[in-house]
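1. sharing a sequence plus its predicted fold:
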Amino acid sequence: MAKRLPATTGTPSTFNKNAIIIRGARVHNLKNISLELPRNKLIVFTGVSGSGKSSLAFDTIYAEGQRRYVESLSSYARQFLERMDKPDVDLIQGISPAMAIEQKTNTRNPRSTVGTTTEIYDYLRLLFARIGKTFCYNCGRLVTRDSVRSITDALNAEANSTGSNGSLKLYMVFPLPSHEKETLPQALANLKKEGFFRIVVNGEILDLNEAELPKSVKPSDVSVLVDRLVFRSGEENHRLADSIETAFASGGGKAHVLLLETGTLLKFSSNFECAHCHIKYEEPDPRLFSFNNPFGACPVCQGFGRAIGIDMDLIIPNKERSLRDGAIQPWLTPKFRENQRTLLSIARQAGVRVDVPFSELSEKELNIVMDGHGDFDGINGFFKMLERKSYKIYYRVMLSRYRGYTTCPECGGARLRKEALHVKVADTRISDIVRITIAQAASFFETIQLTEYEKEVAKRILEELRKRLTYLNEVGIGYLTLDRLSNTLSGGESERINLATSLGSSLVGALYVLDEPSIGLHPRDNDRLIKILKALRDVGNTVLVVEHDSDMMRESDIIVDMGPRAGEHGGEIVYNGPSQQITQDNGSLTGKYLSGKLSIPVPKHRRQSNHLSIKIVGAREHNLKNIDVTIPLHSLVCITGVSGSGKSTLMHDILYAGLKRIKGEPVEKCGAFTALEGH
């Protein structure tokens, strides 16, 4: 049980190693208070607002723990860290290195995402670098680095499938090495200097010392003969192995096998490239999948996922209007109305419906509207024309009116270069994983199908991924996607992400100080949050929580109630002890509310509505499903729902941003909706 100590100075005669001892704390409004807190417990600091909870938890205990940790580092390391002043306290003993998880969005970095903050994306990069398979973006074939063994296996499979008694007559060849400025006779002369005198043209062998090539033969038609041999399935053939090595060495990493019975040409490459398309690829490497590294970032958007282009939300401001009614905003002006007439004239022939809402057009119809048909240039052609004539001020103004940051056309918002987006694990790209929710990603890695070799290689990586995804899901943010920008998160979401990250790091013996982690969390998810905090405690950490939530108080080990009131009337310890006994303390205002002696009365009569309201029509940003919402004016209106249900999207991204846009004020991003009525 926690003990209240008298405010004295000096060193205690006996030091309790299992407790944090604070004496004479005077930070802000704290009135020279002293207390003892047991280690490895879940401790809640509560009390009315302004009573001194944060002053004790953050500005005293956390500040001293952090200061001592920094002071323990070398002078070289300390110069890079912020200098922290010693809090106004006589004595603190038994304190551990401290970490604060506060109610704020910690970063404004546009590159930071949920995946990078939680380190999950680092493990994803490692997973794809270790067991990822690259597929050619031209032909879709698996890209591999061929060897003697892989070619032998391919010939074994070919011999067993052709029914030729397990034997194959073949030529081992390689394509004629040549350069752009080198003629065919020069290439053949160089070939003879290297000791190759026989070539294969259209399946026939020609001796360079005897025959002359027809003038119609191109360098690409010529293959250089290394050996003629018979391959028998299941037999070890050293001659074949030597021929393959020679072909790879002289052919710039390329070796071909011409099967005489069928005339089939099998292509192989010891380079990491598609043997059929000869497109070279980067071998999977962790930096290839990093959008924060120039090596892996998309060259167009530099890894941001967005680039300046035409903003379709500005071109089609109301997607419920039809093409005939003028859904395409730039074509309503007298100068460009001809484009509208051309579209309507070719619509029937092109199969485009002009009397249905723009949002209901099919993908085929949208492609025609965007890319054109016949004499109709389409929206893309129209804006290319504006760019060609941008030397005129009118066209530059027109372009600027409809330009904005849009999804990068090169990477589709994935932020990565093209080669990285064609590496797959379990037939899934890394961009596909970060776009699904955390809950879906956790399910994906629980049921992922891998070969025994892949399981062995990725065993530790998969363990970390599953553990961290599970923690994020348990703190109630399973609805977030891993590519969600960190600067778009609410304070509560940021705090719970940091909490799950701390649990995933498996630190032991640390002191965690949290600032109201239940804010923004629906009561449905409170139990999951408390379970996480207890797990953090059970692995050997001390958890201090500044909190007003009654469930958190009841589940805690110790409650420290500050008060009795706020400001200069606070700064004292009203109660310090087990959470079960606070209801019996008559001096604790918190205890009276927890016991039910005091409660917030529900008003018997409500204000009458004046029938004025603002109506949001067709809200469809993020997960909002084209909903209509009527909000009474001159009233106190509560918007509620479980975490991730769309509350903030409706209020901030649509109502607030939409009103700013209507009033002519600048707004960076406005959510998709049809209309705001009654504004």
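-> That came through, no problem.

2. find the residue at the geometric middle of the protein.
-> The centroid of the chain falls nearest to D483 when counting by C-alpha atoms, centre = their mean (2.2 Å).

3. elements contacting the helix-or-strand element of the chain with minimal mean pLDDT?
-> Within the chain, confidence by mean pLDDT, DSSP states H and E is lowest for helix 491-504 among all helices and strands, at a mean of 80. Judged by 3 or more C-beta pairs under 8 Å, 6 or more residues apart in numbering; DSSP states H and E, helix 491-504 is in contact with strand 98-101, helix 114-117, helix 459-474, strand 511-515, helix 526-538. Heads up, the C-betas are built off the backbone N, CA and C, glycines and all.

4. residues in contact with the first one: which ones?
-> Contacting residues not belonging to strand 98-101 are listed as 58, 61-62, 64-66, 69, 495, 498-499, 502, 510-515, 517 [C-beta atoms under 8 Å, 6 or more residues apart in numbering].

5. same question for the third one.
-> Where contact means C-beta under 8 Å, 6+ apart, the residues beyond helix 459-474 that reach it are 118-120, 123-124, 126-127, 130, 438-439, 441-442, 445-446, 448, 455, 478, 480, 497, 500-501, 503-504, 528, 531-532.

6. in stretch 205-224, what counts as buried?
-> By neighbour count on 16 or more other C-beta atoms under 10 Å, the buried set for stretch 205-224 is L206, L208, D221, V222, S223, V224.

7. of all those residues, which two lie farthest apart?
-> L208 and D221 (14.8 Å; C-beta to C-beta).

8. which outside residues touch stretch 338-352?
-> 323-324, 326, 328, 331-332, 353-354, 361, 364-365, 368-369, 373-377, 382.

9. who's in contact with V257?
-> By C-beta under 8 Å, 6+ apart, the neighbours of V257 are I151, L155, L170, Y171, M172, V173, L265, L266, F268.

10. for the fourth one, which non-adjacent residue is spatially closest?
-> Distances taken as C-beta to C-beta, 6 or more residues apart in numbering put L258 closest to Y171, at 4.3 Å, once the chain neighbours are dropped.

11. so that neighbour, which of the three states?
-> Taking DSSP: H, G, I helix; E, B strand; the rest coil as the rule, one finds L258 in the strand state.

12. for it, the count of nearby residues, please.
-> L258 sits with 19 neighbouring residues when counted by other C-beta atoms under 10 Å.

13. same question for D227.
-> 16.

14. any idea how far it is from N339?
-> Per C-beta to C-beta, to the nearest Å, D227 is found 65 Å from N339.

15. re the thing from before, same list, the helices and strands packed on helix 491-504, but as CSV with mean pLDDT please.
-> Output for the helices and strands packed on helix 491-504, formatted as CSV (pLDDT from 0 to 100):
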stretch, mean pLDDT
strand 98-101, 87
helix 114-117, 92
helix 459-474, 92
strand 511-515, 92
helix 526-538, 88
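
16. would you tell me which of these gets closest to E245?
-> Of these, nearest to E245 by C-beta to C-beta is helix 459-474, at 34.7 Å.

17. circling back to that earlier point, of the contacts of helix 459-474, buried ones?
-> 118, 120, 123-124, 126-127, 438-439, 441-442, 445, 448, 478, 480, 497, 500-501, 503-504, 532.

18. could you report the separation of E236 from G50?
-> With C-beta to C-beta as the criterion, E236 and G50 are 85 Å apart.

19. E621 is in contact with F673, correct?
-> Yes: proximity of F673 to E621 meets the contact threshold set by C-beta atoms under 8 Å, at 7.2 Å.

20. overlap in contacts of the two?
-> Joint contacts of F673 and E621 (C-beta under 8 Å, 6+ apart) are I654.

21. these two: which has the busier surroundings?
-> Higher neighbour count among F673 and E621: F673, with 25 against 17, using other C-beta under 10 Å.

22. distance of that one relative to G326?
-> Plainly put, F673 is 19 Å away from G326 if you go by C-beta to C-beta.

23. with R26 instead?
-> For R26, the distance to G326 - C-beta to C-beta - is 69 Å.

24. ok, these two, which is more surrounded?
-> Taking neighbours as other C-beta under 10 Å, R26 and G326 compare with R26 leading, 17 against 13.

25. pull the longest strand from the chain.
-> In the chain, with assignment by DSSP state E, the single longest strand is strand 222-232.

26. next SSE downstream of that one?
-> Once strand 222-232 ends, the next helix or strand along the chain (criterion: DSSP states H and E) is helix 238-250.

27. and the angle from that following helix to strand 222-232?
-> With axes from the mean of the first three to the mean of the last three C-alpha atoms, to 10 degrees defining the directions, helix 238-250 sits at 160 degrees from strand 222-232.

28. just name whatever secondary elements helix 238-250 is in contact with.
-> helix 148-162, strand 167-175, strand 222-232, strand 254-259.

29. G587: which of these is closest?
-> It's helix 148-162; of the helices and strands packed on helix 238-250, that one is closest to G587 (C-beta to C-beta) at 80.0 Å.

30. any idea how far the closest one is from the middle of the chain?
-> Averaging C-alpha positions (C-alpha atoms, centre = their mean, to the nearest Å) puts helix 148-162 42 Å from its chain's average.

31. cool, stretch 520-536 as well?
-> Here stretch 520-536 is found 24 Å from its chain centre; the criterion is C-alpha atoms, centre = their mean.

32. what is the burial count for L636?
-> Summarising burial for L636: neighbours were counted as other C-beta under 10 Å, giving 7.

33. could you look up the SS state of it?
-> coil.

34. for it, phi and psi?
-> L636 adopts backbone torsions of phi -90, psi 110, taken as degrees, to the nearest 10.

35. that one and R606, how far apart?
-> From L636 to R606 the distance is 10 Å (C-beta to C-beta).

36. quick revisit: I'd say the residue nearest to Y171 and K169 touch.
-> No: shown here, L258 and K169 do not form a contact pair, counting by C-beta under 8 Å, at 9.6 Å.
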